[in-house]
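Chemist: model this:
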Amino acid sequence: MRNLLPLKIVTLIAFTIVLVFGFSNIEPLADWRHGELVVILPPAESLDQPFNQQLAQLFASHLGVKLKPLVLYPYQVSTALTKRLAHFSAIGMRSNEPDAAQKFGVPYQEVSEIVVCSGKPPRRYEELEEREVVVVAGSAQEGALRAARLRNPEQSWATVDKATPNELLDKMTKGELDCTVANEEQIAIQKNYNPGMETTFEIADPSQLAWSFAPDADPELYAQMEKFFARIEEDGTLERLIERFYGHSDRIMPIDAAAFLLKTSTVLPRYRHIFEEAAALTGIEWQLLAAMAYRESHWNPLATSYTKVRGMMMLTEDTADRMNVSNRLDARESIMAGARYLQLLKEQLPLRIDEPERTWLALAAYNQGMGHLDDARMLTQRNGLNADSWVDVQKVMPKLRSPSVAKTLKHGYARGGEAVVFVETVRLYHDMLKRISHNEYKQLLPPDYQIKLNAW
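Modeler: The predicted model follows:
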């Protein structure tokens, strides 16, 4: 994937509408200069919705106006723009080919569009022609299929209006659909909930995702959009934003994802109330604390490593003493101490560092110690990068194990690469815990993986 763009999380008041093609109950569009920018966003069920919304919020902040989301499906976008129901659409559309009904903005992300099928996967276009392909109407995936049909005229597909790519991926893994198409980021996320999913081949040239405007859109708004993307690409915001929402999505193997899903329904319920108690004490999300504990011990309160760290949160003797822990193998003591220690590490970081960077950097310190994190941040600065950004620090942190680099640092050698893996996998487990509820885990886990795990 190629990134083409520092931000604060802003709580948005959702603008709820009736999701019908007639667009009932929608107010007439006012000039955006009056202080309100109406932007089309995908439904909350879409895995891309948080990224789309954050990017749109950044643009609204750039204009100095309030963002008013208009929730629609891709097939409704063109009509909504024509009817002047929104100033533009922030649903990522495929901009590779011209579209008379829409004017595309600056491409901000390039993603491969990949075929995914149940049963025996096709390996060539000719094999796909014999399969039933279903995609979201008006989506980037349908655009990719249109492009592919120029080379494969026999290719056909069906569309679903009110759906998202991840919903179709779910149906495909359950055998309710034969084949579908999704982009690499959507698939990477979905694979963690459907470990048996097997990808095939790219259907067309990668999609260059962009916002879309009406053909006669306000020239000043369009010019501001171009200025906005030029600025956030230059200052690295796009890279950090994409890394935040997608960079950690494919960090675990399918068998590990399956084991996590299974233990979330069988083991986590025993300890969830302790994680929630620790969250109430520290203000840190219980899902993040649970994700840390899984990465450390797989929720085993008796875990012990060769380095003599022990317990649910794998505390060292020094950390346990510092947190007044009498028994590291007691689950409640370990969880409460780990939470308080992470909170302490967050408080030691400079006040200028905002969330979520503060949490990610603190997680690295939890794994390797604050001294080694300080060294990594200093080294990041030496390399002309942003020492307050995890995206930049993680690029440099593995260098701490190089003897030539370590001798130049205050705290010397460290297994910095392990800290990067720790943070990224915790982020992924955290996302998985937040995305799905407990009663969904077993139905998400394919039967063959339950058999494998039982044998394992």
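Chemist: tell me the SS of the residue of the chain most remote from its centre?
Modeler: Distance from the C-alpha centroid of the chain, by Cα atoms, centre = their mean, peaks at Ser326 (38.1 Å). Secondary structure, DSSP: H, G, I helix; E, B strand; the rest coil: Ser326 is coil.
Chemist: so the residue lying closest to it once chain neighbours are set aside is in which element?
Modeler: Nearest non-adjacent residue to Ser326, counting by Cβ to Cβ, 6 or more residues apart in numbering: Glu333, 6.8 Å away. Glycine gets a C-beta too; all of them are placed from N, C-alpha and C. Assessed by DSSP states H and E, Glu333 sits inside helix 331-348.
Chemist: What is that helix packed up against?
Modeler: helix 268-282, helix 286-297, helix 317-322, helix 357-368 (3 or more Cβ pairs under 8 Å, 6 or more residues apart in numbering; DSSP states H and E).
Chemist: Among those, which comes closest to His34?
Modeler: Nearest to His34, of all the helices and strands packed on helix 331-348, is helix 357-368, at 34.3 Å by Cβ to Cβ.
Chemist: Tell me where the stretch 1-150 of the chain is predicted with low confidence.
Modeler: Where the stretch 1-150 of the chain drops to pLDDT under 70, the residues are 1-27.
Chemist: All the helices of it, residue numbers only.
Modeler: 49-63, 74-82, 125-128, 140-149 (DSSP state H, counting those that start in this stretch).
Chemist: Tell me which residues of stretch 409-429 come out buried.
Modeler: 409, 411, 414-416, 418-429 (16 or more other Cβ atoms under 10 Å).
Chemist: Residues contacting that stretch, please?
Modeler: Identification of contacts with stretch 409-429 by Cβ atoms under 8 Å, 6 or more residues apart in numbering yields 192, 247-249, 251-252, 260, 288, 290-292, 294-295, 360, 363-364, 366-369, 371-376, 378-379, 390, 394, 396-401, 403, 406.
Chemist: Just the buried residues of these.
Modeler: 192, 247-249, 251-252, 260, 288, 290-292, 294-295, 360, 363-364, 366-369, 372-376, 378-379, 390, 394, 396-400, 406.
Chemist: can you list the domain ranges for the chain.
Modeler: 2-108+209-246, 113-205, 254-455 (automatic domain parsing).
Chemist: Tell me the spacing between Tyr125 and Ala204.
Modeler: Using Cβ to Cβ, to the nearest Å, Tyr125 is found at 10 Å from Ala204.
Chemist: and if you look at Val116?
Modeler: Val116 is 15 Å from Ala204, by Cβ to Cβ.
Chemist: more crowded one of these two?
Modeler: Per other Cβ atoms under 10 Å, whichever of Val116 and Ala204 has more neighbours is Val116, with 25 against 22.
Chemist: wouldn't the more buried one be in contact with Lys171 here?
Modeler: No: using Cβ atoms under 8 Å, Val116 makes no contact with Lys171, being 11.0 Å away.
Chemist: So for these two, which residues contact both of them?
Modeler: In contact with both Val116 and Lys171: Thr180, using Cβ under 8 Å, 6+ apart.
Chemist: Quick check: Thr200 is in a helix.
Modeler: No: read with three-state DSSP, Thr200 is strand and lies in no helix.
Chemist: any idea which helix or strand carries Thr408?
Modeler: Using DSSP H and E, Thr408 falls outside every helix and strand.
Chemist: Just the CA trace of stretch 41-56, in PDB.
Modeler: The C-alpha atoms that make up stretch 41-56 are tabulated as PDB, following Å, rounded to 0.1, in the frame of the first residue of the first chain:
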ATOM      1  CA  LEU A  41     -19.900   9.100   5.300                       C
ATOM      2  CA  PRO A  42     -20.500   5.300   5.200                       C
ATOM      3  CA  PRO A  43     -22.600   3.500   7.800                       C
ATOM      4  CA  ALA A  44     -21.100   2.800  11.200                       C
ATOM      5  CA  GLU A  45     -21.000  -0.900  10.200                       C
ATOM      6  CA  SER A  46     -18.200  -0.100   7.700                       C
ATOM      7  CA  LEU A  47     -14.700  -0.900   8.900                       C
ATOM      8  CA  ASP A  48     -13.500   2.200   7.000                       C
ATOM      9  CA  GLN A  49     -16.000   4.600   8.700                       C
ATOM     10  CA  PRO A  50     -13.700   5.700  11.600                       C
ATOM     11  CA  PHE A  51     -10.900   6.600   9.100                       C
ATOM     12  CA  ASN A  52     -13.200   8.400   6.700                       C
ATOM     13  CA  GLN A  53     -14.800  10.400   9.600                       C
ATOM     14  CA  GLN A  54     -11.500  11.400  11.100                       C
ATOM     15  CA  LEU A  55     -10.200  12.600   7.700                       C
ATOM     16  CA  ALA A  56     -13.300  14.600   7.100                       C
END
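Chemist: Give the buried residues for it.
Modeler: Buried, per 16+ other Cβ under 10 Å, within stretch 41-56: Leu41, Pro42, Ser46, Leu47, Asp48, Gln49, Phe51, Asn52, Gln53, Gln54, Leu55, Ala56.
Chemist: try stretch 110-126
Modeler: Neighbour-count burial for stretch 110-126 [16+ other Cβ under 10 Å]: Glu110, Val111, Ser112, Glu113, Ile114, Val115, Val116, Cys117, Ser118, Pro121, Pro122, Tyr125.
Chemist: Export the buried residues of stretch 41-56 as CSV, with columns for distance to Lys83.
Modeler: Shown next, in CSV, are those (distance: Cβ to Cβ, whole Å):
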residue, distance to Lys83
Leu41, 17
Pro42, 19
Ser46, 22
Leu47, 28
Asp48, 24
Gln49, 23
Phe51, 26
Asn52, 21
Gln53, 22
Gln54, 26
Leu55, 24
Ala56, 20
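Chemist: farthest pair in those?
Modeler: Pairwise over those, using Cβ to Cβ, the maximum falls at Leu47 and Ala56, 16.2 Å.
Chemist: biggest helix in the chain by residues?
Modeler: Longest helix in the chain, counting residues (DSSP state H): helix 416-435.
Chemist: Show me how far it is from its chain's centre.
Modeler: 11 Å (Cα atoms, centre = their mean, to the nearest Å).
Chemist: could we number from 415 for the rest of this?
Modeler: Shifting the count to begin at 415 puts that one at helix 830-849.
Chemist: orientation of that helix relative to helix 682-696 in degrees?
Modeler: With axes from the mean of the first three to the mean of the last three Cα atoms, to 10 degrees applied, the angle from helix 830-849 to helix 682-696 works out at 100 degrees.
Chemist: Shouldn't Glu634 be within a helix?
Modeler: Yes: under three-state DSSP, Glu634 falls within a helix.
Chemist: Val550 versus the residue nearest in space to the middle of the chain, what's the distance?
Modeler: For the chain, Phe659 is the residue whose C-alpha lies nearest the centre (Cα atoms, centre = their mean; 3.0 Å). Look at Phe659 and Val550: by Cβ to Cβ, they are 19 Å apart.
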